[in-house]
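next come a sequence and a model predicted from it.
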Amino acid sequence: MILFLKIYQISLMKKLWQSLVYFISQIIKFLMLLRIESCFQSPTNTDRQLVFSGRKWQENDDSKAKYINTSATTIFDKSYELWNLDKAKPTISKQHEVYLMEGFMDVIAAYKAGINNVVASMGTALTEKHVRRLKQMAKNSY
């Protein structure tokens, strides 16, 4: 019994530490987001808000990245998630086709033009996981 409690305590402490590190990293990312022009929420297929992504605000910013994204975590895999999928899924299911855009602004422009079955990758190149996920939902991907 004592051994079980010690193992449980170590496991609990490890999870608390991981949560604290994750929380601090999210605060740092949020502070970085204050320097950007646009911020995009990124709900997952469970409609939980997990991440943020944003575009640089100043063109003379010397940092290499044009976008600032939440880092991959145990609950967020950017090589799997697709932005706007939560809103596009009903149309994809009806039409059996999906349009994959380069970025968030492309998705927003298409959505404003009446094309609702549009998604974008989440700050990463197109991966095999993305392709498999899209194939499960649609016969045609563009």
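Alright, I've got the coordinates.

mind listing what's buried along the host helix or strand of residue 90?
Remark: residue 90 resides in helix 85-95, with elements defined by DSSP states H and E. Of the residues in helix 85-95, those buried by neighbour count under the rule 16 or more other CB atoms under 10 Å are 85, 88-89, 91-92. Any C-beta I mention is one placed from the backbone N, CA and C, and that applies to glycine too.

could I get the average pLDDT for it?
Model confidence over helix 85-95, given as mean pLDDT, is 91.

counting contacts, what elements does that helix pack onto?
Contact analysis of helix 85-95 by 3 or more CB pairs under 8 Å, 6 or more residues apart in numbering; DSSP states H and E lists strand 118-121, helix 128-137 as its packing neighbours.

for the shortest one, C-alpha coordinates in PDB please.
In other words, strand 118-121. Listed in PDB are the C-alpha atoms of strand 118-121, where the atom choice follows Å, rounded to 0.1, in the frame of the first residue of the first chain:
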ATOM      1  CA  VAL A 118     -12.000  24.800 -46.800                       C
ATOM      2  CA  VAL A 119      -9.200  23.900 -44.300                       C
ATOM      3  CA  ALA A 120      -5.600  24.800 -43.800                       C
ATOM      4  CA  SER A 121      -2.700  23.000 -42.100                       C
END
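
where along the chain do the strands fall?
With DSSP state E applied, the chain shows strands at 36-43, 49-56, 67-69, 82-83, 97-101, 118-121, 140-141, listed in chain order.

which secondary structure elements does the fourth one sit against?
Strand 82-83 is packed against strand 118-121, helix 128-137, with contacts defined by 3+ CB pairs under 8 Å, 6+ apart.

and the nearest residue to residue 103 once chain neighbours are set aside, what does it touch?
When the adjacent residues along the chain are set aside, residue 103 lies closest to residue 120, with 5.6 Å between them (CB to CB, 6 or more residues apart in numbering). For residue 120, the contacting residues are 82-84, 100-104, 106-107, taking CB atoms under 8 Å, 6 or more residues apart in numbering as the criterion.
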